[in-house]
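> Next one to model:
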Amino acid sequence: MARFCLLLIGILGSTNAVDRSKFRTCKDTGFCRRHRSPESPPPQFKLLAGSLASHGLDGITALLQGEQLESAPLKLAVKFYDSGVARLQVSGHRHHGPQTAVLLC
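Residues are numbered from 1 along each chain as shown. Sure, this is the predicted structure:
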């Protein structure tokens, strides 16, 4: 029992011996500084009325309109799989260049 207590004290004592100044924290990284408290809220999107369409087993599609009404609407596609996974794809056209797509799984 005495050996167990000595071992426990030794382990607990060694955890306090860590030099915490050698570890980076979130406040030390640029990514965290930029995204922890953004300067502006994220853009808001609304589903365009009448754009929701069901494609049976192939899922659903709809159009999303951003806050800036002059921007082109984005296409939202949701597919449901037998495994219980839902695949969300948001795609739109750039003004200069090919179509872009973002997959949210």
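> What residues does Q65 make contact with?
Neighbouring residues of Q65 by Cβ atoms under 8 Å, 6 or more residues apart in numbering: F45, K46, L47, L48, S71, P73, L74. All C-beta spots, glycine's among them, are computed from the backbone N, C-alpha and C.
> Nearest residue to the first one in space, please, no chain neighbours.
Pointing back at F45 there. Spatial nearest neighbour of F45, chain neighbours left out: L64 (4.3 Å); criterion: Cβ to Cβ, 6 or more residues apart in numbering.
> Look at that neighbour and tell me its secondary structure.
Each residue gets one of three states, and L64 gets strand by DSSP: H, G, I helix; E, B strand; the rest coil.
> what's the least confident helix or strand in the protein, going by average pLDDT?
Least confident helix or strand, the chain: strand 99-104 with a mean of 58, by mean pLDDT, DSSP states H and E.
> Tell me where this structure has helices.
Counting by DSSP state H, the chain has helices at residues 2-15, 30-36.
> before we move on, back to that, quick one: which of the contacts of Q65 is nearest H55?
L47 (16.2 Å; Cβ to Cβ).
> looking at it, the closest one is touching G66, isn't it?
No. With contact defined as Cβ atoms under 8 Å, L47 does not reach G66; the gap is 11.8 Å.
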